[in-house]
Each structure stands twice: as structure tokens, then as C-alpha cells.
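Chemist: Here's my sequence, what's the structure:
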Amino acid sequence: MEIDDLTAAEERVWRAFPRGEAVDFREAPDEDPAEAERWGPERTLRAEVLRTLLLDGPRQDGEIASLSLAGARITGRLDLQYATIDHPVRLRHCRFEQAPRCYAARLREFNLSESALPGLVAHAVQVDGVLRLTRARCHGVVRLGGARIAGSLYLEGAEVDVPDAEEPVLQLNQAAVGADLWAPGLRTRGQIRLNGATVAGSVNLNEARLRHPGHAALDAETFAVEGDLLVRHAEVRGWVGLRGARVAGRLDLSYTLLSNPGSSALRAGSTTIGELWLRKGPPMEGALNLRRAQLEVLLLETGSVPQEVLLGDLTYTSLIPHEPAERRLPMLERERDGYVPHAYEQLTAAYRRVGDDHAARLVQLAKQRRHRHTLPWYGRLWGLVQDVTVGYGFRPLRAAGWLLSLLALGSVAYGLHPPQPLKADEAPPFDPVFYTLDLLLPVISFGQDAAFAPRGGYQVLAHVLVLTGWILATTVIAGVTRTVSRQ
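Modeler: From the prediction side, this is the model:
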């Protein structure tokens with residue numbers, strides 16, 4: 001293309017390019033590129049001119065060429081697929097009539113900040129520096145699947161609004177970001193896909209607003225983050241999928257609304273996370289799925305627990321903040337799968353690590369009571385006996401209370417109506433207290449029960465005391481054995 005074929009606006013950009021000078025067509029810094037229809041030819045550039053400039057533009061010795069312009073309306077399609085561009089490309093505050101195409105291109109730097117675009121086609125693009133879409137507004141799909149970005153990807157304040165899209169509106173699946181994915185304040189309508197992507201730094205989605213009700217708002221299966229994944233003060237309508245993801249640092253969902261009524265709002269099964277923070281936010285609308293997740297620290301405030309959870313095979317080292325067992329146990333009762341023994345064992349272990357043996361015993365008692373409801377009628381009956389008498393061995397003082405009560409009952413009854421001796425000349429002096437102890441304690445004998453024989457109702461009372469003594473002794477031994485085995 002000859003320079004004589006250029007418009008005045010294009011010639012201005014052409015002459016600035018070899019010197020790396022910026023060209024700003026804006027009349028005011030706060031202009032809205034979405035209203036570019038009123039921009040005249042003095043601010044209009046053909047995409048083919050920019051493509052020619054980037055591929056074969058003029059050079060000037062001692063200068064670093066770059067395309068840097070703002071406030072332009074770009075007609076046609078900027079097609080850079082498979083191209084290798086050695087110059088920074090900065091197209092800020094611009095309005096694109098067609099989605100730029102950068103499929104498999106290699107760029108030094110790509111900056112589309114504050115621009116309005118009908119989408120972006122950049123599968124497998126390689127960017128040696130940073131890719132910026134800061135406060136960009138996209139009304140079409142942004143395709144960055146398989147992208148390789150050596151620096152950071154900036155999406156802070158960006159908007160991707162494609163209400164009727166049949167595919168993810170922001171595609172970053174299998175992408176690799178060498179630094180941070182920086183997207184506080186991101187707005188999307190449709191699905192964000194991060195499946196298989198990797199970020200060497202941190203991900204910032206603070207104050208984001210993600211909307212895809214009833215579907216995946218953020219699908220990030222097998223997503224890997226070497227730093228933190230921050231989603232604070234955000235609002236997500238639709239489910240967040242993190243199955244198989246790995247977050248080396250902190251997954252922080254503090255102050256965030258997760259809403260997907262009727263299904264799981266957070267699907268984090270089989271994840272590996274350093275710290276998971278769920279606190280200070282409004283009640284989660286939907287289930288919390290942490291099946292098979294592995295966490296070092298679980299920061300879970302009781303007010304942030306939804307009405308339904310899935311905790312099968314969840315493992316965690318620390319559970320904070322420290323709460324009484326009575327406040328933690330309702331969470332386990334909300335398990336969708338019913339009775340899950342592993343969940344009780346994990347909570348017990350967490351209390352024992354901080355030395356709260358009382359809370360650990362309460363959790364174990366609750367586990368036995370929950371297990372009882374899964375047994376046949378005879379198992380439930382025997383479990384009820386253990387619970388009432390000694391609290392499955394976790395209430396040993398309760399057994400002492402029963403024994404003392406029965407001892408008092410027997411001592412009074414037999415003191416008022418002593419039984420007849422079997423052999424009067426060989427019987428020891430009758431003692432109602434030790435006679436009752438002989439009946440109650442099956443492994444101890446004071447020689448009283450073998451020497452005397454009650455009759456009538458007092459014989460029935462003796463049988464009841466013997467039977468009750470065996471039950472108490474059995475349940476105490478079972479409880480002590482269970483407690484020792486847990487130690």
C-alpha cells in the first residue's frame with residue numbers, strides 16, 4: 001500500500017509509527033468508544049492499513065517502532081492470524097467494527113484497554129509481554145483458549161456481555177499466564193471457561209459480577225494457580241466449578257454471594273487448596289460441594305454454611321475459627337448424602353489437634369447417634385440403651401449415676417425386706433448395700449448374693465439389678481474400648 005492512498009488520519013498514524021509516537025484522536029479523556037457512530041472520517045482508520053503498518057511499516061534508525069493510538073474507529077477486520085509482530089500494539093479507547101483476529105499470532109505487547117469490541121479471536125496467541133483488556137467492553141465472545149502470555153493478563157473492570165451465547169463468552173481454557181490474571185471488577189454475562197489453564201502468579205476476581213443463572217458462571221476444572229485465587233466482595237449467579245483444581249495459596253471467597261438455587265453453588269470436589277476462606281458473606285444459595293477435597297486450612301464461619309453440603313472424603317488439617325462443637329455439628333447434619341462417618345472423623349481430628357478433647361468427644365457422640373438411625377430396629381434399640389446409660393462411653397459419669405441410683409434403690413428395698421439365707425448356719429451377716437453391689441457388679445463378689453435368696457417381687461428386682469449391671473458393664477467397656485482405639 002502506498003502512503004498516497006492513506007487518509008489524513010491514517011497518514012498521521014503512519015508517520016508516528018516508526019518513531020513509536022502515540023496518536024490520540026480523542027476530544028476528551030472521558031469519551032465513550034461505544035458512541036463512535038458520530039466519529040467522522042478524521043478519526044476513522046481502516047484495519048487493513050494497520051495490518052500493513054504492523055507487518056511492513058517504515059522504520060527509523062535509532063527509534064523503536066510501535067503502534068500506539070487512542071480514540072479511533074477501526075473499520076474492517078484487523079487480521080493478524082499467524083503473524084509475528086515485533087512491535088507493541090496499543091489500541092486504546094478504540095471502537096472496532098469487527099472482532100480482531102489474532103489466531104496463533106505472536107505479539108510483543110497487546111493493549112486493547114477501554115476499547116469497545118464485538119469480540120476477540122485469539123486462540124493460541126503468544127504474547128511476550130502483557131495482554132491488556134482493562135475496562136474493555138466486549139459484546140461478543142473473547143476467545144483466548146490455549147493462549148501463552150509471558151506476563152500478566154489484565155481484565156480489571158472489563159465487561160463481556162453476550163446474553164444468548166451458546167459457548168463460553170470468555171474462553172481461557174488451556175491458557176498459560178506467566179504472571180497474574182488481574183480481573184477485579186470484571187463483568188460477564190455467560191460462562192467463563194478456565195479448564196486446564198495455569199497461572200504462575202495470582203488470580204484477582206475481587207468485586208467481579210459473573211452472571212449465568214442455572215449454568216456455569218465460572219468453569220475452572222483442573223485449573224492451576226501457584227499463588228492466590230481471590231474472589232472477595234464478588235457476586236456469582238450460576239455455579240462455580242473447580243473440580244480437580246489446584247490453588248497453592250488461598251482461595252478467598254470472603255464477602256461473596258454464591259447463588260445457584262436448587263443445585264451446587266460451589267463445586268470444588270477433588271481440589272487441592274492451601275487455604276479455603278468462606279466467611280462474612282451472605283448465605284450461600286445452593287449446595288457446597290467439597291467431596292474429596294484436600295485442604296491445609298479451612299476457614300469456615302458457621303453463618304456461611306449453606307443448607308446443603310457434600311463433604312464425603314474431605315480432608316483438612318486446620319479448621320478455623322475455633323467454634324464449640326455444638327455450632328459445628330449442624331453442618332454435618334446438612335450432608336446431602338446422609339450419614340458420612342468420615343466427616344465426623346475429620347471434625348474430631350481437628351478438635352484434637354488444638355487440644356479440645358471435650359469437643360472431640362461431643363462429635364464422636366453425635367456420630368454414634370447419627371449412625372444409630374441407619375441400623376435395623378434391634379441395632380437402634382441397643383444403641384439407644386448405650387446412649388441413655390453411658391452416652392456410648394463418652395459420658396462415663398452417667399454410668400456412675402445409674403449405678404448409684406440402683407444401689408440406693410436396692411439397698412433400701414433389701415434393707416427393709418432382707419432376703420432369707422439359703423443356709424442359716426453358714427450365711428454371713430446380711431448387708432443390703434453389699435448384697436446390691438453383688439447383684440450390680442458381675443465381676444466382683446462380696447459373698448452376699450450366693451448366700452441369700454429373695455422371693456416374690458424382690459427376686460424380680462434382683463434379676464433386674466443383675467441384668468442392668470451387665471448392660472452397664474458392657475456399655476462402659478465398649479465405650480472405653482472405642483475411646484482408647486480413637487486415641
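Chemist: got the residue ranges for the helices in the stretch 351-487 of the chain?
Modeler: Counting by DSSP state H, counting those that start in this stretch, the stretch 351-487 of the chain has helices at residues 357-372, 377-390, 396-416, 432-440, 457-486.
Chemist: What pLDDT is listed against L439?
Modeler: Per-residue pLDDT puts L439 at 79.
Chemist: With Q487 instead?
Modeler: 50.
Chemist: E166 too?
Modeler: Note for E166: predicted pLDDT of 87.
Chemist: how close does it sit to L186?
Modeler: To L186, E166 is 21 Å away according to CB to CB, to the nearest Å. Where you see a C-beta, it was placed from the backbone N, CA and C, and this is true even at glycine.
Chemist: the more surrounded of the two?
Modeler: L186 (24 against 7; other CB atoms under 10 Å).
Chemist: shouldn't that one be in contact with L205?
Modeler: Yes: with contact defined as CB atoms under 8 Å, L186 counts as touching L205 (6.3 Å).
Chemist: Identify the bridge partners of R189.
Modeler: D161, R211 (DSSP bridges).
Chemist: List the contacts of it.
Modeler: Counting by CB atoms under 8 Å, 6 or more residues apart in numbering, R189 makes contact with 160-163, 169, 211-212.
Chemist: Drop anything exposed from the residues you listed.
Modeler: Those of the contacts of R189 that meet the buried threshold are 160, 162, 169, 211-212, by 16 or more other CB atoms under 10 Å.
Chemist: Turn these into a markdown table, including distance to R328 and pLDDT.
Modeler: Shown next, in a markdown table, are the buried ones among the contacts of R189 (distance: CB to CB, whole Å; pLDDT from 0 to 100):
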| residue | distance to R328 | pLDDT |
| --- | --- | --- |
| V160 | 40 | 96 |
| V162 | 42 | 91 |
| V169 | 39 | 96 |
| R211 | 33 | 96 |
| H212 | 33 | 95 |
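Chemist: okay, and the helix or strand of the protein with the least pLDDT?
Modeler: In the chain, no helix or strand scores lower on mean pLDDT, DSSP states H and E than helix 457-486, which sits at a mean of 70.
Chemist: quick one: H215 and W239 touch, right?
Modeler: Yes: contact criterion CB under 8 Å: H215 and W239 qualify, at 7.5 Å.
Chemist: Mean confidence (pLDDT) on stretch 290-309, please.
Modeler: Stretch 290-309 carries an average pLDDT of 93.
Chemist: Can you give the distance of it from its chain's centre?
Modeler: Counting by CA atoms, centre = their mean, to the nearest Å, stretch 290-309 is centred 7 Å from the centre of its parent chain.
Chemist: Likewise for stretch 199-213?
Modeler: Computed by CA atoms, centre = their mean, the chain-centroid distance of stretch 199-213 equals 13 Å.
Chemist: Report the buried residues of that stretch.
Modeler: By neighbour count with 16+ other CB under 10 Å, stretch 199-213 contains the buried residues 199-212.
Chemist: Stretch 363-371 too?
Modeler: Neighbour-count burial for stretch 363-371 [16+ other CB under 10 Å]: 363-368, 370-371.
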